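K.L.:
Generate a structure from the sequence data that follows.
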Amino acid sequence: MSQRILKFSIFCTGVTGITAEYIMATLASWCLGNAVTQWTLVISLMLFAMGIGSQLSRTYEKNLFDIFIYIEFTLALLVSLSTIAIYTLFGITEHLAFFIYLLAFLIGLLVGLELPLATRLNADNEKLKTNLSAMLSRDYFGALVGGIFFAFLALPYIGLPRSAAIVGAINCGAAILLGLHSFTKLQRRKTFIVCGGIVVATIIAAFMFGDALVLINEQRRYRDKIVFSTTTRYQKIVITKFRHHHWLYLDGNLQFATSDEHRYHEPLVHPAMLLAAPATRVLLLGGGDGLAAREVLRHKKLQRLTVVDIDPQMTELARTHPLLVDTNASAFHHPKVNIINTDAFAFLQKDTQQYDVIIADFPDPRSADLARLYSRQLFLSAFHRLRHNGVFVTQAGSPLFARRAFLAVLKTLRTLYPALPLHTAIASMGDRGWVLAVKNKRLNTTQLHAHVAALDFSHLPLRYLDHDTLNTMLGEQGRHFYAGYHSIQVNSLSSLSLYRYYQKGVWELY
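P.N.:
From the prediction side, this is the model:
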């Protein structure tokens with residue numbers, strides 16, 4: 001029986017270890033940014049630490065059973081408190097990255113200690129080849145369960161604080177079960193009881209109060225009061241409030257402020273809609289908050305608006321949260337709107353419909369995964385779905401803070417069809433830009449500029465955009481704006497040069 005419990009403990013270690021890796025990597029990406037880099041660093045560091053732990057396990061010669069139990073307790077404690085600890089340190093220290101990596105290393109070290117010790121404890125029960133395969137298989141099976149738990153339960157429904165407490169409780173429960181079943185083998189029974197009680201009490205407290213503690217500490221990250229916070233399978237959504245204005249953040253990055261979001265969404269939507277008039281069928285990629293959809297619905301000849309956003313919880317929030325419903329004017333309840341929750345790239349590969357306008361309202365390319373949404377391959381797929389003279393428009397970041405990234409989007413689109421840059425200043429977001437392109441190779445940039453500059457917005461109930469404002473947005477950025485344009489690389493899936501340009505932006509000026 002103790003042999004089975006020992007193997008079950010290793011299974012639990014597999015669950016805890018892989019889930020802890022994902023939790024730490026997610027925390028690192030949220031707090032430090034650059035998701036791909038953080039996931040790579042954290043998981044690589046934890047695997048390295050596991051190797052160090054395996055090496056250190058050779059130094060233990062006596063009381064292996066006790067040591068194994070206390071390592072289980074320590075691992076359970078660290079994992080359970082990991083999320084609370086990171087959010088507590090956020091805003092207190094300038095060296096948050098050091099503490100995230102240190103905690104990841106310690107968790108990996110403990111996981112690495114457990115497997116060799118368990119194998120040695122089971123050495124008297126099975127032959128080496130059977131013992132090793134049994135222990136390793138339990139660990140790997142546990143890793144699968146942990147991965148499924150994290151992807152389908154922890155992130156979208158439970159949240160990181162409680163998920164950390166749950167997997168910590170699994171590890172703690174296995175240690176207690178093993179200790180109680182083999183109580184006579186323990187050298188320090190009172191220590192086992194006291195330590196077990198402390199760990200159990202801590203895990204219960206982390207589960208019950210973790211979300212509240214994280215919210216209190218998370219508030220330091222935002223200037224204004226948090227009024228809503230949730231974690232989905234794809235991102236962390238936070239809404240803050242100051243007086244009668246609200247701000248929406250995704251993974252800590254501002255998406256809009258109700259005070260001036262119209263200065264972003266009106267230029268994104270209306271030049272493209274009027275240039276393609278009559279625009280009856282429109283595809284909106286991204287825009288899960290419903291604000292771009294609100295602007296599209298101002299055009300009376302619209303027959304169908306298809307919204308493709310990867311996060312169903314974001315679009316559901318836009319349909320149900322009073323603030324978003326009020327801000328987007330109940331856009332997602334409109335009978336002309338069809339919402340599809342899938343990856344935009346995958347959707348374009350499979351879709352067979354033709355559109356008059358395609359609007360890409362993606363987040364900035366601050367990660368490689370987001371940079372692919374601005375790739376030549378995606379743009380080409382979008383143009384395949386456009387009718388002749390159809391219009392494609394995408395937000396392109398900041399031509400001031402990330403000039404070369406903006407130029408990369410512009411140059412990438414110009415390899416396909418004539419494209420035109422626009423930009424304006426937005427108080428909450430700084431200088432923002434868009435690139436508009438028309439599916440007509442007979443047009444040149446000068447002709448496209450003339451067509452856009454002649455657009456009339458007087459029949460639309462807009463708050464910001466008019467004829468004069470648009471012509472200001474079409475104005476030159478300055479004589480140095482196109483400096484180095486010929487050396488800018490086209491953004492493709494094979495290079496993702498846009499991601500590198502974006503990371504080198506002068507964001508400290510923002």
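K.L.:
switch to C-alpha atoms for all contacts and neighbour counts from now on
P.N.:
OK.
K.L.:
which residues touch the helix or strand encompassing residue 413?
P.N.:
In the assignment (DSSP states H and E), residue 413 maps to helix 403-414. When contacts are defined by C-alpha atoms under 8 Å, 6 or more residues apart in numbering, helix 403-414 is touched by residues 374-376, 379, 396-399, 419-421, 433, 435, 437, 481-482, 485, 488-491, 497-499, 501-502, 505.
K.L.:
now the residue of the chain most remote from its centre: how far from residue 178?
P.N.:
Ranked by distance from the centre of the chain (C-alpha atoms, centre = their mean), the top residue is residue 184, with 48.6 Å. Per C-alpha to C-alpha, to the nearest Å, residue 184 is found 11 Å from residue 178.
K.L.:
again, but for residue 230
P.N.:
For residue 230 relative to residue 178 (C-alpha to C-alpha), the value is 37 Å.
K.L.:
Pull out the buried members of the contacts of helix 403-414.
P.N.:
374-376, 379, 396-399, 419-421, 433, 435, 437, 488-491, 497-499, 501-502, 505 (16 or more other C-alpha atoms under 10 Å).
K.L.:
Take the residues you listed and keep only those in helices.
P.N.:
Under the assignment DSSP state H, those contribute 376, 379, 497, 498, 499, 501, 502 to helices.
K.L.:
and the second one, what does it touch?
P.N.:
By C-alpha under 8 Å, 6+ apart, the contact set of residue 379 is residue 413.
K.L.:
Might one say that residue 27 is in contact with residue 83?
P.N.:
Yes. Proximity of residue 27 to residue 83 meets the contact threshold set by C-alpha atoms under 8 Å, at 7.4 Å.
K.L.:
Between these two, which has more neighbouring residues?
P.N.:
Ranked by neighbour count (other C-alpha atoms under 10 Å), residue 27 and residue 83 place residue 83 first, with 26 against 22.
K.L.:
and that one, what element?
P.N.:
Under the criterion of DSSP H and E, residue 83 resides in helix 64-89.
K.L.:
Show me how far that helix is from its chain's centre.
P.N.:
Distance, stretch centre to chain centre, for helix 64-89: 26 Å (C-alpha atoms, centre = their mean, to the nearest Å).
K.L.:
again, but for stretch 475-494
P.N.:
For stretch 475-494, the distance to the chain centre is 28 Å (C-alpha atoms, centre = their mean).
K.L.:
Repeat that for stretch 252-268.
P.N.:
Its chain's C-alpha centre and that of stretch 252-268 lie 19 Å apart, by C-alpha atoms, centre = their mean.
K.L.:
for the record, mean pLDDT for that stretch?
P.N.:
Taken as a whole, stretch 252-268 has a mean pLDDT of 95.
K.L.:
ok so, going back, between residue 230 and residue 178, who's got more neighbours?
P.N.:
residue 178 (22 against 16).
K.L.:
Tell me the spatial nearest neighbour of the more buried one, not counting adjacent residues.
P.N.:
Leaving aside its sequence neighbours, residue 178 sits nearest to residue 5 (C-alpha to C-alpha, 6 or more residues apart in numbering; 5.9 Å).
K.L.:
and what of residue 302?
P.N.:
residue 280 (4.1 Å).
K.L.:
tell me the contacts of the one you found?
P.N.:
Here residue 280 is in contact with 301, 302, 303, 304, 355, 356 (criterion: C-alpha under 8 Å, 6+ apart).
K.L.:
Emit the PyMOL select command for whichever of these are buried.
P.N.:
Command for PyMOL, covering only those of these found buried under the criterion 16+ other C-alpha under 10 Å:
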select buried, resi 302+304+355+356
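K.L.:
Per-residue pLDDT of the residue farthest from the centre of the chain, please?
P.N.:
So residue 184 comes in at 82 (pLDDT).
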